[in-house]
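Novice: sequence and predicted structure are below.
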Amino acid sequence: MDKFQLITQNLEEILTIEDLKNLIKKRKKLIHYIGFEISGLVHLGTGLATSIIIRNLQKAGVKTQILLADWHSWINEKLSGDLKKIQKVAGNYFKKALSVSLELVGGNSQKIDFVLGSDLYHHNDLYWQNFIKIAKNTTLARVQRSIDIMGRKMEEGIDFAKLCYPIMQVADIFALKVNLAHGGTDQRKAHVIARMVAKNLNFDPPIALHHHLLLGLQKPPKYPLTQEEIKEMAIDLKMSKSKPETCIFIHDSSEEIKRKIMKAFCPPKDIIYNPPLDWLYWLILPIKNEIKIKLTNAAHKVYRFEKRNELLNDYQAGLIHPLDLKEILIKELSGLLEPVHHYFKKIQLPV
RNA sequence: CCAGGGGUGGCAGAGUGGUCAAUUGCAGCAGGCUGUAAACCUGCCGGCCUUGUGCCUGCGGGGGUUCGAAUCCCUCCCCCUGGACCA
């Protein structure tokens, strides 16, 4: 498999494919980054979905970096907006949880550079110069739109720091010399700003790599939904810590995994909006490479990552019962996360 | 800083002296139904428990009036709209 294929595997969107091809062709050093806000427990989305991409990039020889975004978390009032606490959790818990997650999917946590936001900004005149330059090359309206998409409500009572957030995010990309900016599809607006202002600041526009946001397990606010509506509402539909019943943490026991998945929304034959199917397609298959599922005719069939559309086709055709789908998901997920309990035996989780 | 408007349970939004632990909607939770979930039906939905015509806390914070306050007064804080200042 060549570099391009490795890098683009399991991504939902690339901005732009042409730029990426050019970068590879020019044999430039590929430098990746993804930023994480430091909040509560790491779940499948933050931990595993992102790790799959990082693993792929590592295989492609890309330098991978994780920004432990303490200042961003501070701005967004994570962990009560207590910067000291955020930094503590970043170092004591998040770094470890993300490393474990990466190992689970077959990546190498030794090859990741963890960067704490504070360290990046400390005594860094250039960073803050770029911050102002970026701000000068952006409009208020644009920044407002970008924070809106990030799940923060514009409406009333928004403090100004929130508007600094996307500007910092763009400055981070330049400061870390990133040419592969990675995030969920929710990071699109910020990455687009980065690409737009890059030219004005004499940087090469970073390529944006967006992974799929795993669906939350709950029934959507509206059903049925069209593919377009799902894209528009992606932020509301994604797995979220704030709804613990609809999200699975990497620390969840197999009993909890079973309980939550059994409660999951899972309409028969529907492949448009189907959280368990979504997870098997985007998460389990890319990690496990193949899974064996019981069909409604009692036979078993093996599905492989390379041909994962078969899974969708068969489910749509009614060849797989929702309950069988759930059962395989429960089994695979429990097995996958089993080592996590071992790693975290002695670490206090920041609940 | 000035003027006006406003702060009610997870959210939305009623209520303007007692009958208010606070209408209602949404969300959430539990159970029933279904080879899963959803839809649908039932119950719960401030906290506590010995589950009761029980106790406690409660309508931005604090103080006051009153037999009695989410409702009236004072004060502080915060938000919104406009203005002033910077220019």
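Specialist: Yep, it's here. Numbering: from 1, shown residues only, chains lettered A, B, ... in the order given.

Novice: ramachandran coordinates for A:Ser240?
Specialist: The phi/psi pair for A:Ser240 (degrees, to the nearest 10) reads phi -140, psi 140.

Novice: residue numbers of the stretch 151-300 of chain A in contact with RNA strand B?
Specialist: Listed as neighbours of RNA strand B in the stretch 151-300 of chain A under the rule C-beta under 7 Å from any atom of the strand: A:156-158, A:218-219, A:221, A:223, A:243, A:245, A:262-268, A:296. Yep, even glycine has a C-beta here, placed from its N, CA and C like the rest.

Novice: now list the buried members of those.
Specialist: Using 16 or more other C-beta atoms under 10 Å as the burial test, those include A:Gln218, A:Ala264, A:Phe265, A:Cys266 as buried.

Novice: inside strands: which ones of those?
Specialist: Residues of these located in strands (DSSP state E): none.

Novice: ok, which pair from the residues you listed is furthest apart?
Specialist: A:Gln218 and A:Cys266 (11.1 Å; C-beta to C-beta).

Novice: joint contacts of those two?
Specialist: A:Pro275 (C-beta atoms under 8 Å, 6 or more residues apart in numbering).

Novice: state the distance from A:Glu255 to RNA strand B.
Specialist: 13 Å (C-beta to the nearest atom of the strand, to the nearest Å).

Novice: pretty sure that residue sits in a helix.
Specialist: Yes. According to DSSP: H, G, I helix; E, B strand; the rest coil, A:Glu255 belongs to a helix.

Novice: residues contacting the residue of the stretch 151-300 of chain A found nearest RNA strand B?
Specialist: With C-beta to the nearest atom of the strand as the measure, A:Cys266 is the residue of the stretch 151-300 of chain A nearest to RNA strand B, at 3.2 Å. Residues in contact with A:Cys266 (C-beta under 8 Å, 6+ apart) are A:Asn274, A:Pro275, A:Pro276, A:Leu277, A:Pro322, A:Leu325, A:Lys326.

Novice: now go through the residues you listed and say which are in helices.
Specialist: Among the contacts of A:Cys266, the ones falling in helices (DSSP state H) are A:Pro275, A:Pro276, A:Leu277, A:Pro322, A:Leu325, A:Lys326.

Novice: ok, the last one - how many residues close by?
Specialist: The one in question is A:Lys326. 20 (other C-beta atoms under 10 Å).

Novice: verify the stated contact: it with A:Pro276.
Specialist: Yes. Here A:Lys326 lies in contact with A:Pro276, judged by C-beta atoms under 8 Å, at a distance of 5.4 Å.
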